[in-house]
Every structure is written in C-alpha cells, then in structure tokens.
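**Q** next come a sequence and a model predicted from it.
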Amino acid sequence: MLYRSEIKIIKDISIKESLFSGQSFIWNTLHDNTDYYATVIKNNPLIIRQISDTEIEIFCSSSVINGMVLPEFIEHYFTLDINTDDVFPESFSLLYPKLWDLLKGYFSLRILRQDPFETLITFMCAQGIGMQLIRKQVSMLAEHYGEKIVLPFSGKEIILHSFPAAQQLAATDPLLLSRCTNNNRLRAANIIRAARAVDEGRLDLDALQKSQLTLGELRNTLSRRSGIGFKIADCIALFGLGRFDAFPIDTHVRQYLEEWFNCTTPLRSLTPASYLMLDAEIRRVLNPDFAGYAGHMLFHCWRREIKKLRTF
DNA sequence: CCCCAGGCTTTTC
DNA sequence: GAAAAGCATGGG
C-alpha cells in the first residue's frame, strides 16, 4: 500500500544533492512518467516524480516520516521553505555580473535536509577520492548493511536498500567493512567507531542539531572525532544538520575561491589555519547565514560550467 | 609512473 | 602553536 501525496512547488526542482545509494544528484524534470527519484528515509521508501511545472507527486509506504505528514516532510526534506533567490546577498549580482549570469541555471538546486547519521557516514567516505568511488562506497554500504526493500511501482519492482542503522555498522569489523570503503581499512575503522558512538549515545546527532552551537563550536565538536576534519565536519553540518551557514572548502571550492573571488589567503596547501581564513573571507562576500547554500550552487556551477565535469 | 580525486593524521620545526 | 610530510586507494 502506497500513500500518495501531491505538493505544489514554487519553481521546478531539478537538482538535488545526496550521496546516498549512488543516486545521481540530477533529478530530471522530464515528465515522461518513467523518471523518478527513489530513496529510503529510515526504512520508508520514497518515490517522487514531477508531474508538471508546478507539481510533484510523492509515494511512500507510510503517511508519516520523521513525525511529519508526507507533504510536510517533503517540503522540509527538499528545503522548499528556502527561497533560493534570497540565498545570495543583493549586492552579489552587481559585484559579480558575469558569475551571476553563469549561475542562472543553478537556482533550482536544493540542498536536502538529509538524515544526520547517513550524512555523517557518507561524508566520511568522501576524503581524497573521486565522486564515482564515493557513490560506489555508499551504495555498497547500503547493499551490504542496509535493509533490502522491494517496491512494486509503475508496473515493475523497484529494489531499494535503506541506509544502514548505526547499530548495523557498529557490529561489523574493519576488514569486512573495508570491502565497502574502497578497501580502506582505516576509513572502515573510523566509520565503525563513529557508528558505535552514535549507537551507544556518546555521539548524539539529534542533540547537536537542536543545539545552539556556533558554527565554530559545531565544527570543533565534529572534527574532534577520528576521520573527520574541518571540511567533512562542515559537510555534515550543511547536509545533515540543516546548517546552511556551514561552508565546506574542498579542492573545487578552493579553486573557485581563487578564480572568482580573488581570495588572498594562500591556497597552495589547505591547512586548518588557511581553511578558517578562507571561511572568514568568503563570509564577507556571501550572506553568512546561507554561505553554504550559496556555496553549493557555486560548487556545482564551477564543476559543470568551468571544469566541464559531467559526473556528480 | 605520473597525477588527481568533494582530506586527515602524524611528524617536525 | 603552525607548517610540511606522510598516508591510503582506485582510476585516468
């Protein structure tokens, strides 16, 4: 039994951002009934497709997810409460007219409010490694440690895997888990440690999300953990804890900061000190409260328009 | 064999 | 304290 819900959207949502299940981050806006976005939120399969320019439909085996009724959850998950037109400061288009023009196609990008634990683990898989391999790791984690879900939909069966619960990952061992972490045993061990901390309540992500910590405090708290540095900490904050002020600086961001914003901080080696300096510098250009949201549009714009990368 | 990929940790000054 | 080197793996 699938619950169906329709929801009106302000503008078409065409791009999402998620590492889970190897999902491509493009959610095609084709209206051909074959293209859908399928994911699993805490064992609830969720299928979403766009039925017109202003409407999407959602199917779910449960009418309530995370304590929210379906339409409410969708609005929350896809951050439909955020108007992406307000993400950049008003002065931005005047200061960077050429860049502003390049960014036109990226205002339909949505940062998702993803599950904190899922985000914690998936971004721990994303260190010094290519996108394809990151997604492969996450897919394998779900296939090996998540629950298999078979969903009859649109005349066929969709096979989905939920993202593993902390308890599942806490119970495995590094050698076994390393099959899913690009054969990297150290990364596997770090993931197990993090999963155990969550499972045993020593790392309370929900409490972190509700806390009023400053960005710096949150980043320090997360990066104290083995396998998590400033960049991954900021990713967890941005994608998993709803902290749209968090601005993760990776190799690509570093490049566009230099190219587009003439950041003066030395960029050759990204040390913790230069990371924080860059972070402070970009906050003078972007709206500090939505620096990460804006940064993510810039990130994908840079990769696609400038670097001509077709992988996500 | 080189370098790169949505960095982190340990060593060294 | 902060900068430099070391680390680990697959892919082009």
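**A** Cool, got the structure.
**Q** give me the residue from chain A nearest DNA strand B.
**A** residue A:229 (2.4 Å; C-beta to the nearest atom of the strand). From N, CA and C alone the C-beta is placed, and that goes for glycine too.
**Q** wait, isn't that residue in contact with residue A:223?
**A** Yes - under the criterion of C-beta atoms under 8 Å, residue A:229 makes contact with residue A:223 at 5.4 Å.
**Q** looking at the two, which one has more neighbours?
**A** residue A:223 (18 against 15; other C-beta atoms under 10 Å).
**Q** find the nearest non-adjacent residue to that one, please.
**A** Nearest residue to residue A:223 in three dimensions, chain neighbours excluded: residue A:233, at 4.3 Å (C-beta to C-beta, 6 or more residues apart in numbering).
**Q** is that neighbour located within a helix, as I assumed?
**A** Yes - applying DSSP: H, G, I helix; E, B strand; the rest coil, one finds residue A:233 inside a helix.
**Q** wait, what's in contact with it?
**A** A:218, A:219, A:220, A:222, A:223 (C-beta atoms under 8 Å, 6 or more residues apart in numbering).
**Q** and the last one, what pLDDT?
**A** The predicted structure scores residue A:223 at 97 on the pLDDT scale.
**Q** got the contact list for the residue of chain A closest to DNA strand B?
**A** Contacts of residue A:229 by C-beta under 8 Å, 6+ apart are A:223, A:272.
**Q** residue A:174 too?
**A** A:185, A:188, A:189, A:192.
**Q** does the last one belong to a helix or a strand, and which?
**A** Residue A:192 is part of helix A:185-199 when elements are defined by DSSP states H and E.
**Q** and for residue A:158?
**A** Residue-wise, residue A:158 maps onto strand A:156-161 under DSSP H and E.
**Q** what comes up buried for that strand?
**A** A:160, A:161 (16 or more other C-beta atoms under 10 Å).
**Q** can you give me the neighbour number for the closest residue to residue A:134 other than its chain neighbours?
**A** Nearest in space to residue A:134, with sequence neighbours left out and distances taken as C-beta to C-beta, 6+ apart, is residue A:126 at 4.8 Å. Neighbour count for residue A:126, taken as other C-beta under 10 Å: 20.
**Q** ok, now residue A:256?
**A** 19.
**Q** show the contacting residues for it.
**A** By C-beta under 8 Å, 6+ apart, the residues touching residue A:256 are A:298, A:299, A:302, A:306.
**Q** which of the residues you listed are close to DNA strand B?
**A** With C-beta under 7 Å from any atom of the strand as the criterion, these include residue A:299 near DNA strand B.
**Q** of the contacts of residue A:256, keep whichever come out buried.
**A** The neighbour count (16+ other C-beta under 10 Å) marks A:298, A:299, A:302 as buried among those.
**Q** between these, which is nearest residue A:146?
**A** residue A:299 (27.5 Å; C-beta to C-beta).
**Q** get me the contact residues on the stretch 201-312 of chain A for DNA strand C.
**A** Residues of the stretch 201-312 of chain A lying near DNA strand C by C-beta under 7 Å from any atom of the strand: A:269, A:271, A:273, A:274.
**Q** got phi/psi on the last one?
**A** Here the main-chain torsion angles of residue A:274 (degrees, to the nearest 10) amount to phi -70, psi -30.
**Q** neighbours of it, just the number please.
**A** A count of neighbours around residue A:274, defined by other C-beta under 10 Å, yields 18.
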